[in-house]
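**Q** A predicted structure for the sequence below; I have some questions about it.
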Amino acid sequence: MTTHREPLSSVLETIGETPLVRVHDSPDAVPVYAKLESFNPGASIKDRIGKYMLERMLERGDVGPGGTVVEPTAGNTGIGLAVAAKQLGLNAVFVVPERFSVEKQQLMRALGAEVVNTPSEDGMGFAIDRAREIADELDDAIVPQQFSNPLNAEAHYETTAPEIDEALGGEVGAVVAGCGTGGTLMGMARYFRERAADTHVVAVEPAGSAYREFLGEEVAHEEYKTEGIGTHDIDTNELFDPSLVDDIRPIPDREVHEEMGRLAAEEGQLVASSAAANAIAAKAVARGIRDGAIDAPHDTVVTVFPDSSERYLSKGVYRSFEEWEG
Ligand code: PMP
């Protein structure tokens, strides 16, 4: 694993090669390992796709130096794209519905991006249309569109998965990851299924989210607090391939809140809600393998901790469950 001890010429070179750390509260016989993605310069897993998508799109000539990247995004993807855009000589414009985290919008602006707000009541669909309009008005602009761009999943196939594979000497039995776009899980699932076709693959979503509709299940749509994963509209997702998934596990907010506190207090892990949901599901899969209820080619489970709790302190993540739920 690269340790980044040598002098580097750009912050882009610090993206990826994040640490893989044992989750202590997992069975000794089937340990869970989590990739700590807050070690990236924009402090989330989305730095990987920001760099990867823009580099490939520049190589292909989809956009040229001095051009503009326009993306409808409320969160980590904007920050990841902004970090990469500036370093690659591109401008960045993000279309963000007003209700989304002010902190993340401040970071996008600090990174040199322009933020265009749209009315919250018009929703993400409106923001997507507005991003297209803005791109059409500009001379040389692209909309990467993380929910439909295969380069999103490819970034994880090419970077996240091989890094895990190398760290564990190829001994990966199960892959567990929460799905926002599904890019992380799809990229990792494809990589490890190519190496062992029986790699167990589990998607994670907040209870109340509708990813299980991909499996033909009926889901009661409800609001949830867990951030960065889940969907209320599976039709807007062109990346998620249910044939690559053995199971989709819904995790209730209450369990997520408790696990976030436990991970901090007991394991020194200041990670956010989607990481806690991943930990809960990954530990359940590990127990399933240990007890013989789940078949897997190796006795290890891997997951990702996508970002840090520090990004959500103002939302009360470490206060009582009732305060966090607001
Ligand atoms: N956790 C957090 C905090 C995120 O921002 C995201 C991206 N929306 C995810 C998990 C899910 O990643 P993916 O889009 O690759 O499914």
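**A** Here it is on my side, so go on.

**Q** Next, the residue lying farthest from the centre of the chain: phi, psi?
**A** When distances to the mean C-alpha position of the chain are computed (Cα atoms, centre = their mean), the maximum falls on Asp139, with 30.8 Å. Dihedral angles phi and psi of Asp139 (degrees, to the nearest 10) take the values phi -70, psi -50.

**Q** and the gap between it and Asn91?
**A** Using Cβ to Cβ, to the nearest Å, one obtains 11 Å as the distance from Asp139 to Asn91. For the C-beta atoms, the positions are set from N, CA and C on the backbone; glycine is no exception.

**Q** ok, now Phe39?
**A** Here the criterion is Cβ to Cβ. By it, Phe39 lies 27 Å from Asn91.

**Q** what about the residue in the stretch 201-326 of the chain that the ligand sits nearest to, distance to Glu37?
**A** For the stretch 201-326 of the chain and the ligand, the shortest gap (Cβ to the nearest ligand atom) falls at Gly228, measuring 2.4 Å. As for Gly228, its distance to Glu37 is 11 Å (criterion: Cβ to Cβ).

**Q** Which neighbours do the two have in common?
**A** Common neighbours of Gly228 and Glu37 (criterion: Cβ atoms under 8 Å, 6 or more residues apart in numbering): 306-307.

**Q** how about the residues of the stretch 151-300 of the chain that lie near the ligand?
**A** With the criterion set to Cβ under 6 Å from any ligand atom, the stretch 151-300 of the chain comes near the ligand through 178-184, 227-229, 272, 274.

**Q** Which of the residues you listed fall within strands?
**A** Gly178 (DSSP state E).

**Q** Tell me the most packed of the residues of the stretch 151-300 of the chain next to the ligand, by neighbour count.
**A** Neighbour counts for those, by other Cβ atoms under 10 Å, peak at Thr184, which reaches 33 neighbours.

**Q** residues touching the residue in the stretch 51-200 of the chain that the ligand sits nearest to, list them.
**A** Taking Cβ to the nearest ligand atom, the ligand has its nearest neighbour within the stretch 51-200 of the chain at Gly180, 2.7 Å off. The contact partners of Gly180, taken as Cβ under 8 Å, 6+ apart, are 228-231, 274.

**Q** Check what pLDDT it gets.
**A** For Gly180, the model assigns a pLDDT of 94.

**Q** ranges for the strands of the stretch 1-150 of the chain?
**A** Residue ranges of the strands in the stretch 1-150 of the chain, as given by DSSP state E, counting those that start in this stretch, are 20-23, 32-36, 68-72, 91-97, 114-118, 141-142.

**Q** Strand partners (parallel or antiparallel) of the fourth one?
**A** According to DSSP bridges, strand 91-97 forms sheet pairs with strand 68-72 (parallel), strand 114-118 (parallel).

**Q** can you check the last one too?
**A** Based on DSSP bridges, the pairing partners of strand 141-142 within the sheet are strand 68-72 (parallel).

**Q** Can you list the neighbours in contact with the partner strand?
**A** By Cβ under 8 Å, 6+ apart, the list of residues contacting strand 68-72 from outside reads 54, 63, 77-78, 81, 85, 90-96, 124, 127-128, 130-131, 134-135, 138, 140-146.

**Q** Any quick PyMOL command for the buried ones out of the residues you listed?
**A** Buried residues within the contacts of strand 68-72, as defined by 16 or more other Cβ atoms under 10 Å, are selected in PyMOL through the command that follows:
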select buried, resi 54+63+77+78+81+85+90+91+92+93+94+95+96+124+127+128+130+131+134+135+141+142+143+144+145+146
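
**Q** Let's verify Ala189: helix, strand, or coil?
**A** Under DSSP: H, G, I helix; E, B strand; the rest coil, the three-state class of Ala189 is helix.

**Q** ok, it - how many residues close by?
**A** Close neighbours of Ala189, defined as other Cβ under 10 Å, add up to 27.

**Q** try Val11
**A** By other Cβ under 10 Å, 16 other residues sit near Val11.

**Q** Report the residue ranges of every domain in this structure.
**A** Per the record, the chain has its domains at 11-39+149-323, 46-142, by the TED database.

**Q** mean pLDDT lowest for which of these?
**A** domain 46-142 (a mean of 94).

**Q** Show the end-to-end separation of that domain, please.
**A** The first residue of domain 46-142 is 18 Å away from its last residue (Cα to Cα, to the nearest Å).
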